[in-house]
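# have a look; sequence and predicted model below, questions after that.
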Amino acid sequence: MPKFLIRRWYGYHIVGLFILAGIALAFLTWFQWEIGAVGFILLGALAVYVIQAERSFEKELERYISTLTHRVNKAGEEAVTEMPIGILLYDRDYQVQWANPFILSYLPKEFMGKPLSTVSERLSAAIKQGESEIQLTMRNRHYTVYIHREERLLYFFDMTETIDTQALYQKEKSVVSFIYLDNFTEVTQGMDDQTRSRLMSHVTTALNEWAGDHDILLRSIAVDRFIAVMNQGALDHLEQTKFELLDYVRDITSKEKVTITLSIGIGAGEPSLQELGSLAQSSLDLALGRGGDQVAIKDANGKVRFYGGKSNAVEKRTRVRARVISHALRDFVLESDQVIVMGHKNPDMDAIGAAIGVLKIAEVNNTDAYVVVDPDEINPDVKKLMEEIENHEYLWSQFITPSEAMDEVTKHTLLVVVDTHKPSMVIEPRLIDRVNRTIVLDHHRRGEEFIEDPVLVYMEPYASSTAELVTELLEYQPKKLSMDVLEATAMLAGIIVDTKSFAIRTGSRTFDAASFLKMHGADTTMVQMLLKEDLDQYVERSHLIERAEVYRDGMAVAAAAEDEMYGQILIAQAADTLLTMNDIKGSFVISKRQDDKISISARSLGEVNVQLIMEALGGGGHLTNAATQLTDVTIDEAEKRLKQAIDEYLQGGTTE
């Protein structure tokens with residue numbers, strides 16, 4: 001309460017009391033003047049005492065208020081100078097006017113009167129852009145800076161301990177991984193116990209040393225499976241070293257005349273161990289689906305990172321698995337009222353051949369089936385085959401357009417997707433959402449994008465082609481098979497195209513499949529006719545090849561001119577041709593297509609994993625055969641991005 005109000009309140013009450021006392025004494029004096037006189041004397045003495053007491057009270061009150069004001073001022077001064085909060089004032093010209101002692105030790109020397117940019121370029125820009133809060137780092141300290149533009153005042157709150165605690169928490173988060181010996185069962189078949197034991201000893205010793213070096217808990221859960229638990233800090237270090245364990249195990253086991261490869265699936269970013277385990281298993285499935293010999297790391301947000309995968313996939317399919325898949329496919333076909341087969345956009349010879357094979361599986365099980373083909377997106381490479389199919393009345397009646405397929409779908413329709421597993425690449429993505437059951441048959445390495453909830457998946461990256469896989473499924477159908485010459489020839493053409501006439505990605509099972517098709521009427525002469533090319537196309541390809549240059553380490557890059565357009569098949573053929581040149585380990589051809597996308601086709605003979613390079617650019621494929629399409633870029637920009645991806649690959653980088 002203000003002093004003048006206290007004084008007024010106090011004075012009014014005292015005066016009132018004295019007036020009442022004076023009136024009472026006056027009445028008393030009227031009757032007893034002696035007593036009244038004594039009363040007036042006492043009243044006067046009391047008045048003197050009260051006046052002195054009032055003056056003493058006022059002095060004490062003034063002294064208290066003065067002391068309190070001093071303490072408040074002193075506390076405010078100490079708060080500005082001693083509190084662990086930085087305060088900085090700047091003028092209209094954005095120059096430093098004053099800073100409190102706390103922030104002085106973190107500012108550059110001789111900053112008074114200097115522009116705010118001498119403190120921090122980012123701070124100065126934030127103020128001019130009207131921001132009210134920014135995060136700033138100075139001299140290894142982290143600050144949250146609050147900006148008060150009206151007062152030209154900055155508050156610096158030191159968040160270093162908070163951020164360090166958060167970083168420590170992130171570093172100590174649990175990570176679960178599953179380790180699988182890709183081909184241990186296959187390579188140890190027929191080995192004597194001593195050799196098998198020595199080989200396993202090499203692997204377990206390497207794994208235990210690796211676990212000890214990185215503070216990892218490692219436990220064996222089967223002869224070829226391990227579980228490893230670590231923290232995020234250990235995982236970060238392993239990523240920096242690009243998981244050298246893969247190369248080390250491959251090298252030490254090769255001394256025993258066999259090569260063991262590892263696949264590692266890692267789950268990170270989740271607080272629950274159960275969820276981490278699910279992520280780790282999903283990552284392992286993804287690594288194995290891509291051919292093994294690699295690491296897949298999946299975070300809680302679904303993002304996946306890959307390391308390794310530089311060796312060619314080792315064939316480890318079994319006849320038993322093919323028979324089981326064939327019978328499962330037959331059961332699904334018998335439960336359906338019709339089967340719709342669909343490949344990828346601009347289907348190639350393998351996609352058409354595999355689709356015809358699935359038609360045959362449906363036919364032997366007395367189920368109607370159709371192949372979806374968009375007549376506006378016919379690959380030039382399959383035009384001759386499509387012309388032959390059009391002349392084949394029965395076979396052509398089973399080819400329908402995407403719109404017709406959408407009209408044909410029923411509740412019990414079975415959709416079989418061949419030669420791709422990515423929903424964005426199929427001819428009609430809406431079909432996947434429309435049908436209740438989808439089967440995936442593919443030979444590509446599995447990518448992060450995948451058709452959701454298929455009822456059956458048969459993906460073998462070890463196979464030469466999808467046509468080879470479907471041929472094996474045909475072999476195990478229980479009913480006697482009768483194939484038309486064109487049907488068998490189309491499937492054989494798919495195998496021949498994808499193996500470059502049995503030159504690459506060819507295993508013993510590939511020849512078995514070709515032999516089966518030949519036995520059922522496949523015409524190799526017709527295959528050569530279907531694969532013939534025009535002279536003009538040959539000249540165009542030669543023109544594209546002459547623009548090639550060797551970038552580094554045997555990597556040939558050919559980029560078309562900005563105003564030139566080539567078809568996808570011709571681009572791929574140019575990459576194949578470049579690979580036949582001396583000292584070329586990998587070939588890459590860049591060109592604009594008719595749809596204005598920039599296409600990059602990549603090829604190798606196995607020494608270079610072009611799949612990893614293409615995945616870095618958003619594409620994918622096989623170790624020796626991959627591609628990608630880029631939008632909203634020029635040829636020059638695409639070439640720069642390709643060379644950067646090649647550099648990262650040669651330096652042991654990762655794809656995300």
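That came through, no problem.

# which residues in the stretch 501-650 of the chain form helices?
Listed in chain order, the helices of the stretch 501-650 of the chain (DSSP state H, counting those that start in this stretch) span 508-519, 524-530, 535-545, 568-579, 610-615, 635-650.

# pick the most buried one from those helices.
helix 610-615 (a mean of 26; mean count of other C-beta atoms under 10 Å). Heads up, the C-betas are built off the backbone N, CA and C, glycines and all.

# can you add mean pLDDT and distance to residue 354 and give the helices of the stretch 501-650 of the chain back as CSV?
Formatted as CSV, these follow (pLDDT from 0 to 100; distance: least, C-beta to C-beta, whole Å):
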stretch, mean pLDDT, distance to residue 354
helix 508-519, 92, 11
helix 524-530, 91, 15
helix 535-545, 86, 25
helix 568-579, 87, 18
helix 610-615, 88, 20
helix 635-650, 92, 30
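
# indicate which one of those helices is closest to residue 168.
helix 635-650 (30.2 Å; C-beta to C-beta).

# contacting residues around that closest one?
551-553, 555, 557, 559-562, 586, 588, 590-592, 598, 600, 608-609, 612-614, 616-617, 630, 633, 654 (C-beta atoms under 8 Å, 6 or more residues apart in numbering).

# apply 7 Å and report the result again.
By C-beta atoms under 7 Å, 6 or more residues apart in numbering, the residues outside helix 635-650 that reach it are 551, 553, 555, 557, 559-560, 562, 588, 590, 592, 598, 600, 612-613, 616-617, 630.

# among those, which ones are in strands?
551, 555, 557, 559, 588, 590, 592, 598, 600, 630 (DSSP state E).

# nearest to residue 234, of the residues you listed?
After measuring the ones in strands among the contacts of helix 635-650 against residue 234 - C-beta to C-beta - the closest member comes out as residue 555, at 33.8 Å.

# who does that closest one bridge with?
residue 552, residue 586 (DSSP bridges).

# wait, it touches residue 581, no?
No - look at residue 555 against residue 581 with C-beta atoms under 7 Å: they stay out of range, at 12.0 Å.

# ok, these two, which is more surrounded?
Using other C-beta atoms under 10 Å as the criterion, residue 555 and residue 581 rank with residue 555 on top: 24 against 13.

# export the ones in strands among the contacts of helix 635-650 to CSV and tack on distance to residue 438 and pLDDT?
Listed next are the ones in strands among the contacts of helix 635-650 as CSV, based on distance: C-beta to C-beta, whole Å; pLDDT from 0 to 100:
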residue, distance to residue 438, pLDDT
551, 41, 91
555, 38, 93
557, 38, 95
559, 38, 93
588, 34, 96
590, 34, 95
592, 34, 91
598, 31, 92
600, 29, 95
630, 29, 91
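
# out of those residues, which is most surrounded?
That'd be residue 588 among these, by other C-beta under 10 Å, with 29 neighbours.

# ranges for the strands of the stretch 401-550 of the chain?
Applying DSSP state E, counting those that start in this stretch to the stretch 401-550 of the chain gives strands spanning 413-418, 437-442, 456-459, 548-552.

# tabulate the helices of the stretch 501-650 of the chain (a markdown table), appending distance to residue 303.
Below are the helices of the stretch 501-650 of the chain laid out as a markdown table (distance: least, C-beta to C-beta, whole Å):
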| stretch | distance to residue 303 |
| --- | --- |
| helix 508-519 | 35 |
| helix 524-530 | 42 |
| helix 535-545 | 36 |
| helix 568-579 | 29 |
| helix 610-615 | 13 |
| helix 635-650 | 18 |
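
# out of those, which is closest to residue 299?
helix 610-615 (17.0 Å).

# so what does the closest one touch, helix or strand wise?
strand 598-604, strand 620-621, strand 625-630, helix 635-650 (3 or more C-beta pairs under 7 Å, 6 or more residues apart in numbering; DSSP states H and E).

# gap between residue 247 and residue 292?
For residue 247, the distance to residue 292 (C-beta to C-beta, to the nearest Å) stands at 14 Å.

# go ahead and confirm residue 351 touches residue 344.
Yes - using C-beta under 7 Å, residue 351 is in contact with residue 344, at 5.9 Å.

# name the residues contacting each of those two.
residue 419.

# between those two, which has more neighbouring residues?
Using other C-beta under 10 Å as the criterion, residue 351 and residue 344 rank with residue 351 on top: 28 against 21.

# quick check: chain neighbours aside, which residue is closest to that one?
Spatially, and ignoring its direct neighbours in sequence, residue 351 is nearest to residue 343 (3.3 Å; C-beta to C-beta, 6 or more residues apart in numbering).

# tell me if I'm right that the one you found and residue 355 touch.
Yes - at 5.6 Å, residue 343 counts as touching residue 355 under the criterion of C-beta under 7 Å.

# shared neighbours of those two, anything?
Here residue 343 and residue 355 have residue 418 as joint contacts, going by C-beta under 7 Å, 6+ apart.

# these two - which one has more neighbours?
residue 355 (32 against 28).

# for that one, which residues are in contact?
341, 343, 371, 418.

# for the helix or strand residue 51 falls within, what is the average pLDDT?
Following DSSP states H and E, one finds residue 51 within helix 33-82. Taken as a whole, helix 33-82 carries a mean pLDDT of 65.

# next: stretch 207-218.
Here the average pLDDT along stretch 207-218 is 93.

# can you give me the buried ones in that stretch?
By neighbour count on 16 or more other C-beta atoms under 10 Å, the buried set for stretch 207-218 is 207, 210-211, 214, 216, 218.

# next one: stretch 616-630
616-617, 619-628, 630.

# and what of stretch 335-351?
Applying 16+ other C-beta under 10 Å to stretch 335-351 flags 336, 338-351 as buried.
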